[in-house]
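> Give me a model of this one.
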Amino acid sequence: MRTLVALGLFSHGFIHLIGFVTPWRIAVLEGFSYRTSVLGGAHDVGDFGVRLIGLVWLGLAVGFATAAHGVWRGEPWARSLAGVLAIVSLVVCTLGLPETFAGIAINVGILGAVVYVGILRPRRPA
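Reported below is the predicted structural model:
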């Protein structure tokens, strides 16, 4: 089960690279065009602003890969890291709407799993 969760977290992190390569114009991806506005076009942050947000997306990609590794190894810190990353990811996904709607749903799922495992199903002492 840990391996499947780790693969899911790693995959989610890998998808975050879209939010980096698009504003940095490293790649052109269908359905994710370069733009300088956020919140569904409600606010223009300019080229510098979207590049800064792109760095956050890159950090999330690295962070989710780290959390995935921690989950795979059974590290106790990995659950907390995944929760924090999912919250930050919710924020940047909200900025990237409407293209990032699926990411919002996935982050809600991650947060639900973190709550379930951490609060509703605490670890039993060995």
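
> where exactly do the helices run in this structure?
Taking DSSP state H as the criterion, the chain carries its helices at 2-15, 18-21, 46-73, 77-95, 101-115.

> What count of nearby residues applies to Val114?
Using other C-beta atoms under 10 Å, Val114 has 20 other residues around it. (Glycine included, C-beta is placed from N, CA and C.)

> picking that back up, winner for burial among the helices of the chain?
helix 18-21 (a mean of 21; mean count of other C-beta atoms under 10 Å).

> Extract the residue ranges of this structure that are flagged as low pLDDT.
For the chain, the stretches with pLDDT under 70 are 120-126.

> Recalculate using a threshold of 50.
Scanning the chain for pLDDT under 50 picks out the ranges 126.

> export the helices of the chain to a markdown table and tack on distance to Glu30?
Formatted as a markdown table, the helices of the chain follow (distance: least, C-beta to C-beta, whole Å):
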| stretch | distance to Glu30 |
| --- | --- |
| helix 2-15 | 14 |
| helix 18-21 | 11 |
| helix 46-73 | 18 |
| helix 77-95 | 19 |
| helix 101-115 | 15 |
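
> Minimum distance to Gly40: which of the ones you listed has it?
helix 77-95 (9.3 Å; C-beta to C-beta).

> how about Ser33, phi and psi?
Note on Ser33: backbone dihedrals following degrees, to the nearest 10 are phi -80, psi 150.

> Just give the number of residues close to it.
Ser33: 9 neighbours (other C-beta under 10 Å).

> Return the distance of the residue nearest to it when sequence neighbours are not counted relative to Val38.
The shortest distance from Ser33 to any non-neighbouring residue, by C-beta to C-beta, 6 or more residues apart in numbering, is to Thr22 (7.5 Å). If you measure Thr22 against Val38 using C-beta to C-beta, to the nearest Å, the figure is 13 Å.

> okay, those two: which has more neighbours?
Thr22 (21 against 18).

> and the more buried one, what is it in contact with?
28-29, 32-34, 54 (C-beta atoms under 8 Å, 6 or more residues apart in numbering).

> 10 Å instead?
Counting by C-beta atoms under 10 Å, 6 or more residues apart in numbering, Thr22 touches 28-29, 32-35, 50, 54, 57, 96, 99.
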